[in-house]
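Participant: Dropping the sequence and predicted coords here.
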Amino acid sequence: MGMKHWETIQQHAMLGTARAPFTIADLPAAIAGELAWTPLDAEEDFLRLASVAWQYGQTGGLPPAVSAVNSAAVPEEKPYCPLQATGDLQSLVEDELYTLVRVWLQYCQAAGQLARPEILPALLDMAVRRPELRPMIMAVAGNRGRWLMRLNPAWRIDPPAEDDDTVWQTGKPEARRALLAGMRQTDAARALVLLQSTWATESVADKVAFLNILQTHAAEADLPWIESLQEKGQKVTAAITNLLKHIPGSKIVAAYQDVLRQAFALRTGKALLGMLNKTSVAVEEAVAVPAGIFTTGIEKLSSDKRVTDQQYILIQLAMAVPPAFWQTHLQQADARAVITLLQKEQHTALYLPALADAAATFRDLVWVRALLDHGDEALLDSAIVLLLRALPVAERMTYAARFLKQQPQGIIALLLEQDEPWDLALAKNIIAYTASEVYTYNRTFYRQAVHNIPVALLSYIDTFTPAEEAKKPYWRTHADELYRLISWKEQLQRSFSQTN
Amino acid sequence: MNFSEEQVLAMAPDDSSKRSGKELANASKWGLMAHSARALWGECQGSGKLPYQTQVDLVAVAFKCTCPSRKFPCKHGLGLMLLYARDKKHFVETPEPAWVTDWLDKRSAREEKKSEKAEKATKADPEAQAKRQATRLRRVEEGMADLKRWIKDIVRNGLHALSDREANYFETTARRMVDAQAPGLAAMVRQLGEINRFQEGWQGVFLEQLIRIYLVIEGFSRLDQLPEDLQTELRTWVGFAQSQEEVKAGPNVRDTWMVLSRRAEQEDNLTVERTWLYGTTTQQYALILQFAVRNASPELTLIPGTYIDAALCYFPGATPRRALVLQQFGVAPPGAINGLKSWHQVADTLAAVQRVNPLVGASPVIIDGVIPVRDGSNRWLLKDAEGHGVVLQGDTDRAWKLMAISGGAPLRLFAVGRAQAFEPLGVWIDEHYVAWA
C-alpha cells in the first residue's frame, strides 16, 4: 500500500465517518481483493478497513529505492590516534576543559596522528565556536574532517585560500591581517610590497591595522615609503608616527636623539684628591624642545608627582630611541657601563625604565640582557616584564625564575601566554607563589596554567601547602583541581604513547 | 574483565555524577585500592571521619558504598571503576576483606532465594485463582464494550472534533478501564491522550494507536479462536500481568548476550530503564525492563558493548522479547554477531513477526552494510547495499555522527524501528561498539 492510501484513510478519520464514510471500495484492489467482506456499521467498517490497511502497510511494503548519491571521504594517509585518546577527548569536551583539549590537539599533531571519525563532529563544532583552535583541529581532522565540512553547512569554516594574492585581494579583514603578519615574519620586504600594492584603496581601520603589523621587523628599508605617505586622517597619521618610532633611522627618532643629545652630557671630574676620575651624567632638563616633537604623540604634562613635566618629556623621548644611542653619546664601552653610570645618581636613574622600554621596542637583546643582569631591580620594576617578553622563550624562563619574586603577577601572566611548557624548577617556583595567593590564583588559573605545567609537578603538589591556616582550605580545593588537571595531562601522554 | 571508560561513564545516573566520578578517578583520593577475581574495592576519604568503603561486583556488575548518596551508582563507585578501567596497576590483588565478602555472599544468597521463590510461586491455590479470574474477566469484557463505544464515537465525529472535548476526555475513559481491571487498556488510552495534537503528522500516530486498541478489543473477544501465544499477548495488552515469579519458573535461555543499548527514561516518579540484549548463539533479542523509584538502584547493571553469560526467561507472548535475567554467570568474551544484509531482509523478517503478532511494536534489528545519506529534501536515510533506504530517526546530531563514522562507507548498526523508519541505537566501529543512550 502506498503512502497515499494511508493518507486518504487519515483524511476520512479527521472528518469522521458521519460526514465521510469509508468503504471497501476506497481501499486499493490489492488489499480489498483479499477480504471476505460483510459490511457492519460505518464506524466498525472504518476501523476494520483501517486496521487491515495499516497491517498491510506494516508488512507489505519494501523500503523505496534511494536515488541520493553518496559521496565517500578520501582514505586517510596518517594513522588514527589510539582508542583511549579518543575517549579522553570526549571527556575533555564534555567537561569543557578547553586548555586540555588544546594539549590533546598538540599531542595528536606531534604524534602525526588523526582524530578518530566518531569524535570529529565534536571537534568540528568546536572549530566553529573557537577560531583559535581551528588550525590545530584542521591538522588532526584529516580527509574525513574536510569531507564532513563540505557536507554540513554548520561546519563550513572559510577554507584557507590557495594563494596569498587571492587572500589579499578578496579575503576577510582577519585573513588579510593574518597573511600580512605571517609574511612580515618570514619576508619583511615582500610584506611591504604587498601593502603598497593596495594602499590607496584600503579603509582607515585596515590602514591602521596594517601599519601596526609592520612594527614587527620594522627597518630602514621601510622608511622611504612610510615617510612619503601623505595621510589626512588623524588615526592613520598617528599609526604612521608610531611605526616610525620603531625605526632607528627615521626622522622622528633622529629628532628625539637631537633633543636627548642636548639634554644629557657626560661630566668628568676629579675625585679622591685627584687620584681617580669621577664620571657622571649631567641632565639639562629645561632643554628647548622643538614644537614639532609634540605632534608625534609626546605628552607635555606629567601625571606623576615625582616626575617633573620636563623629566617626563625626556623619559618619553628616551623610550623611543634605540638604547645603543646612549653608548655612543655617553662614550661608554658597553651597555653595562651605561647602565652603571645612569644608576649611580638619582636624577639619571629615573631614565632606566625608559631604556628598558626602548630595548624591548627595538628588540635589542644585548641591551635586554644587560638591563636584566646589571639593572637595579627596584628601579626597573614592572619594566622587567617587558624585558622578559623580548627574550626568546628558553632564555625568558631562566630569567623569569630569577625575577619571579620581584614581579610575580606580571611574570606569571607573561609565562601563561607561551606555548612551551615551563621547566620543572620554574613551575615549582610559580606554584609555590600561587599556592600562597589562594584568593588571586583559583581554579580558573590552574585550568589555564595546566597547559604549561609539566607532569613531573604532580608529585610535588602537597609540598606547596601554605603556612597560614586560613588559606589551607582554599588551597586544598585548588590542589585537588591541580592534581586532577595534571593527572589528565599525564593520562593524555600515556594514551598517545599507546599503540592501537 | 576489561571495561572502557566510556562504558563505565555510561552507567552514571546523570551528568553531575559523571563529573564527580571523573574527579574521583584519581589515585590520590583513595587510601586503599584492591581487587580479587570477582570484585573491586577501595576506601575514599570523604567529609566524614571514617573513609567511605566502596565496592564493585565484577561478576554481575553492582555497586555498594557506605557514603550517604542516593544516586546509583554513586560518584565513589564510578570513580573507583573508572580508575580500574584506566589503569589496573593501581589495584593490588589481595584476599577480600570481610566487608567485601559479606556483601558478595549476601548478593549470591539473595539470587538463590529468588529462584527458590520462583519455584514456590507455581504452587499457589489454583481454585481460588480461577474464581477470581472469572470475575475479573467479566468486568474486563464490560469495560471493553464501553471502550469500543467510545472509540466508535471518536471515529464517527472525526479526529478534528477532539479539540472540542473536555480536558479529562481521555483520563475519564482510562479510569473506567482501571475500574474494569484492564490497566493495560487504561495505559493505551492514556498514551492516546498524550499524543501531541499540535505536532505535524499526529493524525497518523493517533490513528495507529486507535487501531491498536481496536485490535486488542476485537482480538480479546475471539480469544479462544487464537493461538495460545497470541492469547497471552492479548491478555498482556489488556493488563493481565504475568508475575515475575511465574516467568522465572518457566523455561530459560542461557547464552552469551551482547548488551546493545541501555536507555533510561523518567515516567512520573519512576525511572524506566530499557536494555536491549542480543544472544550470540540463539540470535534472539531480549528487552530487559527495570523500574526504579527516582534514583533508587536498578537491580542489574548492564553495560552496552559488553557480553554477559546469563540465563534469561522470556515473558510468554506471540513474539517474546521482554525478558528477565534469571542468573548472571559473569562477563563473557565477545560472541559472533550476525546482521541482516539488506532492508529487504529486514522487511521479510519483520513481516514474519507481524504475521504472528499484529500488535508488535518497534523491532530491534542489527543490519550490515548501510550508509547514511541525505535525499533531495535533506531527509536522513539509511541506504543499504541494494540501494533501498529507510528513514533515519533520531536527532540530526546523531545522523552527523553516523556520517562521520561512515565516511561514505557501509556500517553495521543496531537500530529499533518498524516498516520504513529506524532509530540507530548503536554502531560498530571496526570491532569497537558504541551505543547511544
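Facilitator: In hand now; what should we look at?
Participant: and B:Gly389, that's in a strand?
Facilitator: Yes: assessed by DSSP: H, G, I helix; E, B strand; the rest coil, B:Gly389 belongs to a strand.
Participant: and it, how far is that from A:Thr398?
Facilitator: 64 Å (C-beta to C-beta, to the nearest Å). Where you see a C-beta, it was placed from the backbone N, CA and C, and this is true even at glycine.
Participant: between the two, who's got more neighbours?
Facilitator: B:Gly389 (25 against 13; other C-beta atoms under 10 Å in any protein chain shown).
Participant: Does that one touch B:Leu382 like I think?
Facilitator: Yes: applying C-beta atoms under 8 Å, one finds B:Gly389 in contact with B:Leu382, separated by 6.0 Å.
Participant: any shared contact partners between these two?
Facilitator: Overlap of the contact sets of B:Gly389 and B:Leu382 (by C-beta atoms under 8 Å, 6 or more residues apart in numbering or on different chains) consists of B:Trp343, B:Val373.
Participant: So what pairs up with the residue in the stretch 251-400 of chain B positioned nearest to chain A in the strands?
Facilitator: Residue nearest to chain A within the stretch 251-400 of chain B: B:Gly389 (3.5 Å; C-beta to the nearest C-beta). Taking DSSP bridges as the rule, B:Gly389 bridges to B:Lys383.
Participant: Please name the residues that touch it.
Facilitator: With contact taken as C-beta under 8 Å, 6+ apart, B:Gly389 is in contact with A:Pro63, A:Pro64, A:Ala65, A:Val66, A:Ala68, B:Trp343, B:Val373, B:Asp375, B:Leu381, B:Leu382, B:Lys383.
Participant: The last one: what's it in contact with?
Facilitator: B:Lys383 sits next to A:Val66, A:Ala68, A:Asn70, B:Val370, B:Ile371, B:Pro372, B:Val373, B:Gly389 when contact means C-beta under 8 Å, 6+ apart.
Participant: Let's verify B:Ala328: helix, strand, or coil?
Facilitator: No, residue B:328 isn't Ala; it's Gln. B:Gln328 - assigned by three-state DSSP - is strand.
Participant: give the contact list for it.
Facilitator: Going by C-beta under 8 Å, 6+ apart, B:Gln328 touches B:Val59, B:Ala60, B:Leu300, B:Ile308, B:Asp309, B:Ala310.
Participant: likewise A:Val289?
Facilitator: Neighbouring residues of A:Val289 by C-beta under 8 Å, 6+ apart: A:Val259, A:Ile313.
Participant: Now it: which helix or strand?
Facilitator: Following DSSP states H and E, there is no helix or strand that holds A:Val289.
Participant: go on, A:Gly249?
Facilitator: Following DSSP H and E, one finds A:Gly249 outside all helices and strands.
Participant: Test for you: state the pLDDT assigned to the residue nearest to it when sequence neighbours are not counted.
Facilitator: Distances taken as C-beta to C-beta, 6 or more residues apart in numbering or on different chains place A:Glu220 nearest to A:Gly249, at 4.6 Å, with adjacent residues excluded. Per-residue confidence (pLDDT) for A:Glu220: 87.
Participant: Any idea how many residues pack against A:Glu220?
Facilitator: By the criterion of other C-beta under 10 Å, A:Glu220 has 10 neighbours.
Participant: so it touches A:His246, yeah?
Facilitator: No: A:Glu220 sits out of contact with A:His246 when judged by C-beta under 8 Å, with a separation of 11.4 Å.
Participant: which residues touch residue 9?
Facilitator: Going with chain A. Going by C-beta under 8 Å, 6+ apart, A:Ile9 touches A:Phe22, A:Asp26, A:Leu49, A:Ala50, A:Ala53, B:Leu207.
Participant: right idea, wrong chain: chain B
Facilitator: Taking C-beta under 8 Å, 6+ apart, we find B:Leu9 in contact with A:Ser91, B:Lys18, B:Gly21, B:Lys22, B:Leu78, B:Leu82.
Participant: Would you mind listing what in the stretch 201-350 of chain B touches chain A?
Facilitator: With C-beta under 8 Å from any C-beta of the partner chain as the criterion, the stretch 201-350 of chain B meets chain A at residues B:203-204, B:206-208, B:210-211, B:214-215, B:343-344, B:347, B:350.
Participant: How many residues are close by residue 48?
Facilitator: All of this refers to chain A. A:Arg48, neighbours per other C-beta under 10 Å, totals 21.
Participant: The intended chain is chain B.
Facilitator: 10.
Participant: Check whether it sits in a helix, strand or coil.
Facilitator: Applying three-state DSSP to B:Gly48 yields a three-state assignment of coil.
Participant: element containing the residue nearest to the spatial centre of chain B?
Facilitator: Nearest to the mean C-alpha position of chain B, by C-alpha atoms, centre = their mean, lies B:Arg274 at 1.7 Å. Secondary structure from DSSP H and E places B:Arg274 in strand B:270-279.
Participant: A:Arg177 now?
Facilitator: Here A:Arg177, judged by DSSP H and E, is contained in helix A:173-186.
Participant: right, and A:Leu457 touches A:Lys428 too?
Facilitator: Yes: assessed by C-beta under 8 Å, A:Leu457 is found in contact with A:Lys428 at 6.8 Å.
Participant: Now the common contact residues for these two.
Facilitator: Residues touching both A:Leu457 and A:Lys428 (C-beta under 8 Å, 6+ apart): none.
Participant: Report the separation between the residue nearest to A:Gly249 and chain B.
Facilitator: As judged by C-beta to the nearest C-beta, to the nearest Å, A:Glu220 and chain B stand 53 Å apart.
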